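Enquirer: Sequence below, structure please.
(chains A, B, C and D)
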Amino acid sequence: MSIKVRFFASLAETVGRREAECAHAEGLTVGEVWARVTGEPALPEGVLCAVNHAYSTADHALGEDDEVAYFPPVTGG
Amino acid sequence: MSIKVRFFASLAETVGRREAECAHAEGLTVGEVWARVTGEPALPEGVLCAVNHAYSTADHALGEDDEVAYFPPVTGG
Amino acid sequence: MSVRIASEPFDPYDELRAAETALGERRRRVGAAATFVGSMRDFNEGEAVESMWLEHYPGMTERHLEGLVAAARARWQLDHALIVHRVGEVRPGDPIVLVAVWSAHRAHAFESCRHLMEELKSTAPFWKKEQAASGARWVANNTPGSSAEFEPR
Amino acid sequence: MSVRIASEPFDPYDELRAAETALGERRRRVGAAATFVGSMRDFNEGEAVESMWLEHYPGMTERHLEGLVAAARARWQLDHALIVHRVGEVRPGDPIVLVAVWSAHRAHAFESCRHLMEELKSTAPFWKKEQAASGARWVANNTPGSSAEFEPR
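Expert: Residues are numbered from 1 along each chain as shown, chains lettered A, B, ... in the order given. Reported below is the predicted structural model:
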């Protein structure tokens, strides 16, 4: 099983890509997937995350076919 | 010297006219002009008054060529 | 011109477009526009209302509204403000009042728009007479301005 | 449809007219409409801004905005609500966001409009990148929502 990972806005530029796949991710948390995909030890403060299009916390455990996204503070409106 | 007196909305219907003249009114208060023109002893509670297009109190003393108006609570918007 | 008494039906969106056109290049620094449109409802106090007569005090009404706009401009950072208010015979669905403000800051726009509308409702010399099936009646009081005064759902 | 992501420039007044046409006969019971339009300013943090790139998260953004509208409908008596938000390249003066609500009560309209706009600013997944003379930069933070945070005049 693999999980689809997405990065947005300034975070996509920092990480250097907009999408990634994370294999064998079932049961990993949102924070652990970040570490595995970026090589950084932990989710930096100020990075927001979403699972399947809804806001999530870093300790949320992922399931099959989930999509996880990481992005900076929002600045719309 | 006479003063122009105006009534609006439901008050014009109650009083039975929209306009009146009040002769020799210089120095009279807004409340006294009401009494003179309508024959009622005092300005009823809830009646608003204006002098020269600005809100006024009943004890405001009138001068030459003033226009005084009486009307019910406003219901615009 | 920031205050207009309309004796014929008006289109709020035409009014807003015209005001923004008049802003011209200043529009590029504005950023925030808050507007309120009040229209005639076809019921009041549980009864169907067929039409409404809106009376005002020519001269005083304009002067009073201009005073409200001047006071708002002193309190908030506004680039422009517009008030349009109907008088005469009004039909259900017709716009009665438009209050619009333009500012560089959305908080100023929101707050001044609401303030102007509440001041207008409680102090501007307009009077409504409703024509219902049971006859004509002057509206005695305006509705409250805070949702806290309504029943919770 | 109460939420729309616009990848091309939009006209807020055309959007409002279309929404009111869709309301049809219900419009006669509405009474109050509160709207907010946020447009691109030609300066930010003291520097001229030439254009702006607005990114969003397709799917999540729409879902999130629809959730905000649903929550507002549960809290206030609303007949209709509309949110339109631009994405892509935006030029100074272009509308970025439209929030509009229709209600039988003006307090509900004012409060829900402002609430929706503040929630959108602080939680909806949009990101702005400004193109200024000194280069491109991601906007780090949104402006405050209360005028109390501004300097008094």
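
Enquirer: Could you measure from C:Ser2 over to C:Phe110?
Expert: 18 Å (C-beta to C-beta, to the nearest Å). (C-beta placed from N, C-alpha, C; glycine too.)

Enquirer: so when I look at C:Leu98, I'm seeing a strand, right?
Expert: Yes - under DSSP: H, G, I helix; E, B strand; the rest coil, C:Leu98 sits within a strand.

Enquirer: give me every residue that touches it.
Expert: By C-beta atoms under 8 Å, 6 or more residues apart in numbering or on different chains, C:Leu98 lies in contact with C:Phe10, C:Pro12, C:Glu15, C:Leu16, C:Thr35, C:Phe36, C:Val37, C:Gly38, C:Leu82, C:Ile83, C:Val84, C:His85.

Enquirer: Is the first one in a helix, a strand, or coil?
Expert: Just to be clear, that refers to C:Phe10. Quick answer, by three-state DSSP: C:Phe10 is coil.

Enquirer: Let me see the contact set for it.
Expert: C:Phe10 sits next to C:Val84, C:Arg86, C:Pro95, C:Leu98 when contact means C-beta under 8 Å, 6+ apart.

Enquirer: any idea of the pLDDT on it?
Expert: pLDDT, C:Phe10: 98.

Enquirer: Surely C:Asn142 is in contact with C:Thr123?
Expert: No - using C-beta atoms under 8 Å as the test, C:Asn142 is too far from C:Thr123 to be in contact (10.5 Å).

Enquirer: shared neighbours of those two, anything?
Expert: B:Val74.

Enquirer: hmm, back to that, just the closest of the contacts of C:Phe10 to chain B, please.
Expert: Closest approach between the contacts of C:Phe10 and chain B, by C-beta to the nearest C-beta: C:Arg86, at 9.3 Å.

Enquirer: Roughly how far does the closest one sit from C:Met52?
Expert: Where C:Met52 is concerned, C:Arg86 sits at a distance of 9 Å (C-beta to C-beta).

Enquirer: now do A:His24
Expert: Taking C-beta to C-beta, one finds A:His24 at 70 Å from C:Met52.

Enquirer: There's contact between A:Pro22 and A:Val33 in this structure, I believe.
Expert: No Pro there; residue A:22 is Cys. Yes - the pair A:Cys22 and A:Val33 passes the contact test of C-beta under 8 Å, sitting 5.1 Å apart.

Enquirer: When those two are compared, which one has more neighbours?
Expert: A:Val33 (24 against 19; other C-beta atoms under 10 Å in any protein chain shown).

Enquirer: The more buried one is in contact with A:Glu67, isn't it?
Expert: No - contact criterion C-beta under 8 Å: A:Val33 and A:Glu67 do not qualify, at 11.0 Å.

Enquirer: give the contact list for the residue of chain A most remote from its centre.
Expert: Residue farthest from the centre of chain A, counting by C-alpha atoms, centre = their mean, is A:Gly77 at 23.8 Å. Applying C-beta under 8 Å, 6+ apart, we find A:Gly77 in contact with D:Gly38, D:His85, D:Ile96, D:Val97, D:Met117, D:Leu120, D:Lys121, D:Ala124, D:Phe126, D:Asn142.

Enquirer: can you tell me which two in those residues are farthest apart?
Expert: D:His85 and D:Asn142 (13.7 Å; C-beta to C-beta).

Enquirer: Among those two, which residue is more densely surrounded?
Expert: Applying other C-beta under 10 Å to D:His85 and D:Asn142 shows that D:His85 carries more neighbours, namely 25 against 18.

Enquirer: hang on, the earlier thing: anything in contact with each of A:Val33 and A:Glu67?
Expert: With C-beta under 8 Å, 6+ apart as the test, A:Val33 and A:Glu67 both reach A:Ile3, A:Val5.

Enquirer: The strand or helix carrying C:Arg4 and chain B, any residue contact?
Expert: C:Arg4 belongs to strand C:3-6 when assigned by DSSP states H and E. No - for strand C:3-6, no contact with chain B is found by C-beta under 8 Å from any C-beta of the partner chain; the gap never falls below 10.6 Å.

Enquirer: Name the residues of that strand that are buried.
Expert: Within strand C:3-6, the residues that count as buried by 16 or more other C-beta atoms under 10 Å in any protein chain shown are C:Val3, C:Ile5, C:Ala6.

Enquirer: tally of neighbours for the residue lying closest to the last one once chain neighbours are set aside?
Expert: Distances taken as C-beta to C-beta, 6 or more residues apart in numbering or on different chains put C:Arg86 closest to C:Ala6, at 5.2 Å, once the chain neighbours are dropped. The local packing of C:Arg86 (other C-beta under 10 Å) involves 25 other residues.

Enquirer: Could you do A:Pro72 as well?
Expert: Based on other C-beta under 10 Å, the number of other residues close to A:Pro72 is 21.

Enquirer: That one contacts A:Glu45, correct?
Expert: No - look at A:Pro72 against A:Glu45 with C-beta under 8 Å: they stay out of range, at 11.3 Å.

Enquirer: And the pLDDT for the closest residue to chain A within chain C?
Expert: Closest approach between chain C and chain A, counting by C-beta to the nearest C-beta: C:Arg106, at 8.0 Å. Looking at C:Arg106, its pLDDT stands at 96.

Enquirer: How about C:Ala140?
Expert: 87.

Enquirer: Go ahead and confirm it touches B:Thr75.
Expert: Yes - the pair C:Ala140 and B:Thr75 qualifies as a contact (C-beta under 8 Å) at a distance of 7.5 Å.

Enquirer: When those two are compared, which one has more neighbours?
Expert: B:Thr75 (23 against 12).

Enquirer: Tell me how far the more buried one lies from C:Glu119.
Expert: 14 Å.
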